[in-house]
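J.: Predicted coordinates and the sequence they were generated for:
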Amino acid sequence: MSKKKPKVGLIVTILIILGGFGYLMWGGLDNNLVYFLTPGELLAKGDSVYGKPVRLGGMVVPGTVKWDAGQIDLRFQMKDSKGQVAVHSSKAPPQMFKEGQGVVVEGKLNRSGMFEATTLMVKHSNEYKAPMNGEKPQETYKSLMKEQGD
């Protein structure tokens, strides 16, 4: 009889662990996931993405950026090789935000086709350049911006 008790305890423990994983996979975790898509992938999903949190990555289309600092209203088009999406944000853009640059926005696509961004991140070089002795940080920033434009 003593040999059966450890087997029963082991089976109960395994069932509890599997039940926990099952809950996370089909219940609690799915509502908190944010999928990363490109504009083309987002548009290909159709109605299934409306109102769902998505992280969208692509390039800012030159000539489409409209920034109203007074209203804190930013609008631009974002594209990849397969599609283009209109983006709206009610937050100030990062200092390095510019046309023709890679960006990642997080938010939701509404039924009118506008992507309402809650977060906007700029893709940039991972190279760090410290200011030279006596050089102001603003001068280093300007030189980095020139290099990115090339």
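T.: In hand now; what should we look at?

J.: Show me how the record splits the chain into domains.
T.: Residue ranges for the domains of the chain, per automatic domain parsing: 1-33, 37-149.

J.: Mean neighbour count, those: which tops it?
T.: Among those, domain 37-149 has the highest mean neighbour count (mean count of other C-beta atoms under 10 Å), at a mean of 14. No exception for glycine: its C-beta is placed from N, CA and C like everyone else's.

J.: what bridges to the spatially most central residue of the chain?
T.: In the chain, the residue lying closest to the centroid (C-alpha atoms, centre = their mean) is residue 55, at 3.2 Å. Counting by DSSP bridges, residue 55 forms beta bridges with residue 36, residue 106.

J.: swap in the one 4 residues further on?
T.: Beta-bridge partners of residue 59, counted by DSSP bridges, are residue 79, residue 102.

J.: Can you give me the distance of it to residue 80?
T.: The gap separating residue 59 from residue 80 is 7 Å, by C-beta to C-beta, to the nearest Å.

J.: again, but for residue 48
T.: Distance, residue 48 to residue 80, using C-beta to C-beta: 19 Å.

J.: tell me, which helix in the chain spans the most residues?
T.: As assigned by DSSP state H, the longest helix anywhere in the chain is helix 4-23.

J.: Now it: average pLDDT?
T.: The average pLDDT within helix 4-23 is 83.

J.: how far is that helix from where the chain is centred?
T.: The chain centroid and the centroid of helix 4-23 are separated by 38 Å, computed with C-alpha atoms, centre = their mean, to the nearest Å.

J.: what do you get for stretch 54-68?
T.: 13 Å.

J.: residues making contact with it?
T.: Here stretch 54-68 makes contact (C-beta atoms under 8 Å, 6 or more residues apart in numbering) with 34-39, 42, 73-80, 84-85, 87, 93, 97-109, 115, 123.

J.: Please apply the same query to stretch 43-52.
T.: Residues outside stretch 43-52 that contact it (C-beta under 8 Å, 6+ apart): 35, 37, 42, 82-83, 85, 108-111.
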